[in-house]
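In: sequence plus the predicted model coming up.
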Amino acid sequence: MSNHLTHALALLTVGAAATACTQKAPKPQRPNIIYIMSDDHAYQAISAYDSTLIKTPNIDRIGHEGAIFSHAFVTNSLCAPSRAVMLTGKHSFINGKVDNVQRFNWDQESFPKLLRQSGYQTALVGKIHLDGTPQGFDYSAVLPGQGHYYNPDFIINGKEERIPGYVTKITTRLALDWLKKRDTNKPFCLLFHEKAPHREWMPEEKYYKEYTKKEFPEPATYHDDYSGRGTAAHAAEMRVYRDQNWSGDDKLYPDVMDKLGLKDPTTWGRNAFKHNVGRMDSTQKAAWDSVYKPMNEAFEKAYPNMSEQQLAHWRYERYMQDYLACVASVDDAVGELLDYLDKSGLAENTIVVYTSDQGMYLGEHGWFDKRFMYEESFRTPLLMRYPKEIKPGTQIDQLVQNLDFAPTFLDYAGVKIPKDMQGMSFRKLVDGQSSEWRDAIYYTYYEYPSIHMVKRHYGVRTNRYKLMHFYYDIDEWELYDLEKDPHEMHNVYNDPAYADVQKMMHDRLTELRQKYGDSDKFNKQYLDAYLEAVNKHE
Ligand code: SGN
Ligand code: CA
């Protein structure tokens, strides 16, 4: 055989082998990803964690059919920073979005961008709370800023329109519409972000009708006097019985407030009430009045004879009724989405995550809101289902953070995780292949002075201990033994019995600050930029 012929035959063989190869081993099917995140949803209000307050059968389903995380945390307990961490897989001081005020740079790398580049279809529906045009999505339908509960405006692929109805239902409909019209030849990643149950808790009609009749037990620490802790807890302005608005939060009508001589801490509450209720059409408003008017009348009658304790209880119950009613609609939304996955045959190959942008105080320590590194706001719910890899009923107790989402999703999608992402993929942890994991997590918080007056702080948490440093206008350290004091009522910093622990926790803190590249230099830089931005705004 001539050399030429041998060569041609060889080429033919290689070609045939290559074809056979592509036919025999098709690229493994990559999983779809649905990342559901609601806003300010406390784990205390998910029955898979605690069924005292509410039953959330649909959200629970994700955990029962997959995994529930008992120690999931954020790195910075505030809306916009949390979302920036989730997208970039980097701490706030690295991605630059440290508070709700300073700008987010959408030009930086994010996991949706990387998924999209690798052939995924990507969509973002609902609240994102990051200024600028979202990047990395084939489709985006987002609420401007905080968004509204009733007849909300949406920016759909750059165009703003008002959509009649209730926000949780609309967000679900938009997400389902996108899923139905997507290209079925490609895997997809959907970020499905609910506005609810963010303040000022305006529930859907069927649920305010139900929940305004319910009673709720106060948490054990509702009347905390903060004597076991430092200045920061005293100074925070987030007490349900003192700092909520009678109008926007409690839903008292302005004329009732005037008759009773009640004033909100700022004019914001009354304006918010006017704007929120003012968006309703006449049918929505009539339904609202049919429930909230009698409630106002009953309160007007009872108020003169109410003790301070009774009033504090009434305000706690008002908070819980509206907050939990908003959660009930979110649970319905999750149910609709899971049903769709079942019906369309997508359930098996779709990763479904349920989480919140942070935790929330539901009256613990007397508070609402978040921001602190104390457990209720530092922790966040996390449930995850992926029938192909995760065994039903899995419980993960390791310390995971929202920092880990980006690398985890890239790992599942078979996309290389950029070296500068600071989180870790928890894929092996959750499918039981490995239990190797970190044993300490790092936290930073910056937005002060600001609404709720939670002082700037950073800290470290291990499985048992937590060390925090409050700085800027104070210089105070707090140390908690979470095993002996799970409600964090006794700061043991400088307690001789904890001298060794204190030293060990300082070492851990230094180590983590070095590892993630944080320093006082960043604290100063972001403080200056914050003050400048706030002053400009005023
Ligand atoms: C609003 C709320 C605050 C809340 C921030 C940030 N007030 O300002 O209570 O802390 O949002 O929340 S409200 O009367 O306007 O609702 S975040 O989740 O977006 O970070
Ligand atoms: Ca939030």
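Out: Noted; the coordinates are in hand. Ligands and ions are numbered 1, 2, ... in the order given.

In: can you count the residues close to L482?
Out: Applying other C-beta atoms under 10 Å, we find 15 other residues in the vicinity of L482. Glycine gets a C-beta too; all of them are placed from N, C-alpha and C.

In: and the residue of this protein that's closest to ligand 2?
Out: C79 (3.6 Å; C-beta to the ion).

In: quick check: that residue vs S118, distance?
Out: Going from C79 to S118 by C-beta to C-beta, to the nearest Å gives 28 Å.

In: of these two, which one has the most company?
Out: Using other C-beta under 10 Å, the more surrounded residue of C79 and S118 is C79, with 22 against 14.

In: the residue of the chain closest to ligand 2 and H41 touch, don't they?
Out: No - the pair C79 / H41 is not scored as a contact, 11.9 Å apart, by C-beta atoms under 8 Å.

In: and the host helix or strand of M384, how far from the chain's centre?
Out: Assigning secondary structure by DSSP states H and E places M384 in strand 382-385. Here the centre of strand 382-385 is set off from its chain's centre by 13 Å, with C-alpha atoms, centre = their mean, to the nearest Å.

In: would you give the sheet partners of the helix or strand following it, along with the direction of each?
Out: Next along the chain after strand 382-385, taking DSSP H and E as the criterion, comes strand 394-396. Sheet pairing here is set by DSSP bridges, and for strand 394-396 it gives strand 67-69 (parallel).

In: average pLDDT for the following helix or strand past the partner strand?
Out: For strand 67-69, the following helix or strand on the C-terminal side (DSSP H and E) is strand 72-73. Throughout strand 72-73, pLDDT has a mean value of 98.

In: so which elements touch strand 72-73?
Out: Contacts defined by 3 or more C-beta pairs under 8 Å, 6 or more residues apart in numbering; DSSP states H and E place strand 72-73 against strand 400-401.

In: how is the protein divided into domains?
Out: 32-201+323-435, 228-319, 451-537 (automatic domain parsing).

In: hmm, the shortest one touching ligand 1?
Out: Right, domain 451-537. Yes - residues of domain 451-537 contacting ligand 1 under C-beta under 6 Å from any ligand atom: 451-452.

In: roughly how far out does that domain sit from the chain middle?
Out: Centroid displacement of domain 451-537 relative to its chain, using C-alpha atoms, centre = their mean, is 21 Å.

In: and stretch 256-275, by the same measure?
Out: Relative to the chain's own centre, stretch 256-275 is displaced by 29 Å; criterion: C-alpha atoms, centre = their mean.

In: does that stretch reach ligand 1?
Out: Yes - Stretch 256-275 reaches ligand 1 (C-beta under 6 Å from any ligand atom) through A272.

In: buried stuff in that stretch?
Out: 256-257, 264, 269-270, 272-273 (16 or more other C-beta atoms under 10 Å).

In: what about it, start to end distance?
Out: Distance across stretch 256-275, first residue to last, is 18 Å (C-alpha to C-alpha, to the nearest Å).

In: now tell me what touches it from outside.
Out: Stretch 256-275 has contacts (C-beta atoms under 8 Å, 6 or more residues apart in numbering) with 148, 200, 237, 243, 245-249, 251-254, 296, 299-300, 303.

In: are any of those residues buried, and if so which?
Out: In terms of neighbour count (16+ other C-beta under 10 Å), the buried residues within the contacts of stretch 256-275 are 148, 200, 243, 245-249, 251-253, 296, 299-300, 303.

In: get me the contact residues on the stretch 351-500 of the chain for ligand 2.
Out: D357 (C-beta under 5 Å from the ion).

In: what segments of the stretch 351-500 of the chain are strands?
Out: Counting by DSSP state E, counting those that start in this stretch, the stretch 351-500 of the chain has strands at residues 382-385, 394-396, 400-401, 440-445, 457-462, 465-470, 476-481.

In: in the helix or strand where D339 lies, what counts as buried?
Out: D339 is part of helix 308-343, with elements assigned from DSSP H and E. In terms of neighbour count (16+ other C-beta under 10 Å), helix 308-343 has its buried residues at 312-335, 337-338, 340-341.

In: and it, what does it pack against?
Out: Applying 3+ C-beta pairs under 8 Å, 6+ apart, one finds that helix 308-343 contacts strand 32-38, helix 57-64, helix 167-181, helix 205-211, helix 240-243, strand 350-356.

In: list the buried residues of the fourth one.
Out: Within helix 205-211, the residues that qualify as buried by neighbour count (16+ other C-beta under 10 Å) are 207-208, 210-211.

In: between the residues you listed, which is nearest N349?
Out: Using C-beta to C-beta, Y207 comes nearest to N349 of the buried residues of helix 205-211, at 33.0 Å.

In: residues contacting that closest one?
Out: Counting by C-beta under 8 Å, 6+ apart, Y207 makes contact with 325-326, 328-329.

In: what about the helices in the stretch 51-200 of the chain?
Out: Secondary structure of the stretch 51-200 of the chain (DSSP state H, counting those that start in this stretch): helices located at 57-64, 79-88, 92-95, 111-117, 167-181.

In: any idea which of those helices gets closest to I396?
Out: Among the helices of the stretch 51-200 of the chain, helix 57-64 sits nearest to I396 (C-beta to C-beta), with 10.2 Å.

In: what mean pLDDT does that closest one get?
Out: On average, helix 57-64 scores 98.

In: what angle do that helix and strand 350-356 make?
Out: 120 degrees (axes from the mean of the first three to the mean of the last three C-alpha atoms, to 10 degrees).

In: coming back round to it: the buried ones among the contacts of stretch 256-275 also near ligand 1: which ones?
Out: Filtering the buried ones among the contacts of stretch 256-275 for proximity to ligand 1 by C-beta under 6 Å from any ligand atom leaves 200, 248.

In: which of the buried ones among the contacts of stretch 256-275 lies closest to H487?
Out: Closest to H487, out of all of the buried ones among the contacts of stretch 256-275 and judged by C-beta to C-beta, is D243, at 20.4 Å.
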